[in-house]
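Visitor: this is a predicted model, with the sequence first.
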Amino acid sequence: MSDTFQILVKDVMAKPITIAKSAFVSEALDKMLGEGVDPLIVTNNGTVIGTTSRAAIAETLGSRKTQALKATSIHVANTVEENFTSAYPDQSIDVLVPLLQHYKLVVVLDGEHRLIGQVTAGDLLKVLRPDGGLLDVMEQVYSIQVEERTVHLRRRMLDGKINRFIVEDGDDVVGIVTETDVAKALHAFKDIVEGTRQEYRIRNLLVRDIMSTPLIAVNADTDVSEVIDLMLKKNISSVPITENGKIAGVVTRNSLVQAL
C-alpha cells in the first residue's frame, strides 16, 4: 500500500447514517434497507453509543422475550452493540485496514470527538483492491436445504456465526439466504401476525419463504476488481464463486478487506 500514503480518512469517509437509541427497530431496519447500509450508528443526545446491525435486530425480533411485541414497539436500545471503533479525518487511510478487519464500520470523529463521518468496507474497497484472484480471497461456503425451517437457519447462524447460506433444492442451487432476509421476515411477521400466533407461524416458516433469488454468482477466473465493482453497483455484501459448475466459495466485503 505504498501508493496510499497521500489518501486520508476524510477522502474515503461517507456521511454518517445514524439512529437514536430511543427509535424503534422497525425504523432502524427500514433505514438500513432504504440506505443500503449495515450497521447503523446509534446515538443518544447526539453522542455515539454504539451500533446496531441487521443480525442484532434479527436476534432481538426472534427472541422469546419479544415474542408478544411488534417491531414498532421494540426500541433500538435493545439491540445496541456498544463495542465500536473510531478514527480521525486527517489520519492515513492505512489505519482503516486493520480496523475494518475487525469491525463492520469505523466511526469518524473530529478533534472535539463529534461525529462527522463513517467508513465501511465498501468505502475502503472503492480505493483499495487486494492482489490475487478470487480463489485467494473467498471464504468457505455453507449450504442449507430449501425446505429447512427458518428457526433452524437462525440457530445455525447464531451458533456458527455464519451470515449467509447458499440455498439448495436437493443438489440444485436455487438462491441465497442472509441475515438480512431473516431480519426482514421476522420484522414482517411481528407486524402482521398476532402475538399469540407468532411463535407458531415463525416456527413453520421455511427457508424457501425468505430466501433471495436469483443467485448472483461469478466464475472463479473473473477479475477481483470486476467482482468488487459488481458488489458496489448492486449494493450486495457477497458473491458466490463457481468453479467447474459448482459453488466453490463466496467472496464477501469482509474477505476482501481481510486480504488487503
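Guide: Nice, I can see it.
Visitor: which stretches of the protein form helices?
Guide: 9-12, 25-35, 54-61, 96-100, 121-125, 134-137, 150-160, 179-192, 195-203, 207-210, 224-234, 253-258 (DSSP state H).
Visitor: how about low-confidence regions in the stretch 101-250 of the chain?
Guide: 189-201 (pLDDT under 70).
Visitor: got the contact list for the most centrally placed residue in the chain?
Guide: Centroid-nearest residue in the chain: residue 38, 5.1 Å away (criterion: CA atoms, centre = their mean). Residues in contact with residue 38 (CB atoms under 8 Å, 6 or more residues apart in numbering) are 32, 53, 54, 104, 180, 237. Using the backbone N, CA and C atoms, a C-beta is placed for each residue, glycine as well.
Visitor: repeat that for residue 19.
Guide: Applying CB under 8 Å, 6+ apart, the residues near residue 19 are 27, 28, 31, 40, 41, 42, 43, 52, 76.
Visitor: bridged to it, which residues?
Guide: Assessed by DSSP bridges, residue 19 has beta-bridge partners residue 42.
Visitor: nearest to residue 89, of the helices of the chain?
Guide: helix 9-12 (3.7 Å; CB to CB).
Visitor: which secondary structure elements does that closest one contact?
Guide: Using 3 or more CB pairs under 8 Å, 6 or more residues apart in numbering; DSSP states H and E, the elements in contact with helix 9-12 are strand 105-109, strand 115-120.
Visitor: which one of the contacts of residue 38 is nearest residue 164?
Guide: The nearest member of the contacts of residue 38 to residue 164, counting by CB to CB, is residue 237 at 8.0 Å.
Visitor: that closest one: how many residues sit nearby?
Guide: A count of neighbours around residue 237, defined by other CB atoms under 10 Å, yields 22.
Visitor: so it touches residue 252, yeah?
Guide: Yes - counting by CB atoms under 8 Å, residue 237 does reach residue 252; the two are 6.0 Å apart.
Visitor: now do the shared contacts for those two.
Guide: Common contacts of residue 237 and residue 252, defined by CB under 8 Å, 6+ apart, comprise 163, 164.
Visitor: returning to what we had before: nearest to residue 121 among the contacts of residue 38?
Guide: Looking across these and measuring by CB to CB, the closest to residue 121 is residue 104, at 7.2 Å.
Visitor: any idea how many residues pack against the closest one?
Guide: Counted with other CB under 10 Å, residue 104 comes out at 20.
Visitor: how near is it to residue 167?
Guide: 24 Å (CB to CB, to the nearest Å).
Visitor: right, and the helices and strands packed on helix 9-12 - which one's nearest residue 223?
Guide: Closest among the helices and strands packed on helix 9-12, using CB to CB: strand 115-120, at 22.3 Å.
Visitor: tell me the angle that closest one makes with strand 105-109.
Guide: Taking axes from the mean of the first three to the mean of the last three CA atoms, to 10 degrees, one finds that strand 115-120 is oriented at 160 degrees with respect to strand 105-109.
Visitor: so what does strand 115-120 touch, helix or strand wise?
Guide: Using 3+ CB pairs under 8 Å, 6+ apart, strand 115-120 sits against helix 9-12, strand 40-44, helix 96-100, strand 105-109.
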